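1. coords please:
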Amino acid sequence: MKILITGSKGQLGNELINIINSGTAEIGTVSEKVKQAEILALDIDELDITNLEMVKSVLHREKPEVVINCAAATNVDGCEGNKELAFKINALGPRNLAMISEEIGAKFVQVSTDYVFRGVGEVPLAEYDVTDPYSVYGKTKLAGENYVKEFSSKYFIVRTAWLYGYVGKNFVYTMMNLGKQKEEITVVNDQRGNPTHANDLAYHILKLIETEEYGVYHCTGKGECTWYEFAKLIMELSGSKCKVKPCTSEEYKTPAKRPEYSSLDNMMLRCTIGDEMREWQVALKSFMEKQNL
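-> Alright, predicted model coming up:
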């Protein structure tokens, strides 16, 4: 099996590569077929997914059996200020990859987000629930999903949320750094979602690609919390004395409006390959134990 990974230097790309190379994730082992897979790890300097001709050239030359798109414009507030760039990366990029994957007969994985939902209510959202994003980030990611559905017949759209991993920038590292610098910080306490360990997400993606269980998936850590509750546990597990105070989204205004409630239900996983995602607190503890605090 030959697997092409775009955005390979990001936190999810890093986890996919490490799991394939080692054969093991934190929650289980992958199959011999995946262990022996040839990895083609490409980042923007080697493959600009917004350039259709480049995508066509690389995919036709390499002929991977699976394409996993980890490339995205994920700066939610930045997307508000640069709509065209967000659209090119989050919508046209997946379109290009889906079209050419279809031409060469490859399975295609598109990583998406909880931000495709409006985020109102109190019940975890299933894959069939109606999407209605607020932000440019959410709108462009949804456009990407729709292009994938239109142009690929062998797709896995995998929505995740509040992702953190061992490389790159994420909320956990931001809180850890603030915990060393500040005596007190303020974090919003009226947005609820699912913190997700990138290692767990990568493991499930690598299980999916061996199947023909195509469709839309939710893949997030089990259980839910607010950003305030997430931050408090990060401080506690890191041994920081920094005090975390709650505030409202109204008090902590950002250019992009976030969903108030965007907890996802991993229904499709349970109905197909099985949901082995860890409780968010368990996964976070595992992550923090590896930080050499």
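
2. thinking L125 is in contact with F117, fair?
-> Yes. Counting by Cβ atoms under 8 Å, L125 does reach F117; the two are 5.5 Å apart. C-beta: built from backbone N, CA, C; applies to glycine.

3. Mutual contacts of these two, please.
-> S262 (Cβ atoms under 8 Å, 6 or more residues apart in numbering).

4. Quick one: residues in contact with the helix of greatest length in the chain.
-> In terms of residue count, the longest helix belonging to the chain (DSSP state H) is helix 136-151. By Cβ under 8 Å, 6+ apart, the residues outside helix 136-151 that reach it are 72-76, 79-80, 83, 86-87, 89-95, 98-99, 102, 108, 110, 112-113, 115-117, 131, 133, 155, 157, 216, 256, 259.

5. Among those, name the buried ones.
-> 72-74, 76, 79-80, 86-87, 89-95, 98-99, 102, 108, 110, 112-113, 115-117, 131, 133, 155, 157, 216, 256, 259 (16 or more other Cβ atoms under 10 Å).

6. distance of A126 from V167?
-> 31 Å (Cβ to Cβ, to the nearest Å).

7. and if you look at S135?
-> 25 Å.

8. Show me which of these two is the more surrounded one.
-> Legend: neighbour count by other Cβ atoms under 10 Å for S135 and V167, higher for S135 (22 against 15).

9. Buried ones in stretch 239-248, by neighbour count?
-> Applying 16+ other Cβ under 10 Å to stretch 239-248 flags S240, C242, V244, P246 as buried.

10. And what about the third one, helix, strand or coil?
-> Classification of V244 into helix, strand or coil gives strand, according to DSSP: H, G, I helix; E, B strand; the rest coil.

11. Tell me who's in contact with it.
-> Here V244 is in contact with E184, I185, T186, V187, Y228, A231, K232, M235 (Cβ under 8 Å, 6+ apart).

12. The residues you listed into JSON lines, with extra columns for pLDDT and neighbour count?
-> Listed next are the contacts of V244 as JSON lines, based on pLDDT from 0 to 100; neighbours: other Cβ atoms under 10 Å:
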{"residue": "E184", "pLDDT": "96", "neighbour count": "10"}
{"residue": "I185", "pLDDT": "96", "neighbour count": "19"}
{"residue": "T186", "pLDDT": "96", "neighbour count": "15"}
{"residue": "V187", "pLDDT": "96", "neighbour count": "22"}
{"residue": "Y228", "pLDDT": "98", "neighbour count": "18"}
{"residue": "A231", "pLDDT": "98", "neighbour count": "26"}
{"residue": "K232", "pLDDT": "98", "neighbour count": "20"}
{"residue": "M235", "pLDDT": "97", "neighbour count": "19"}
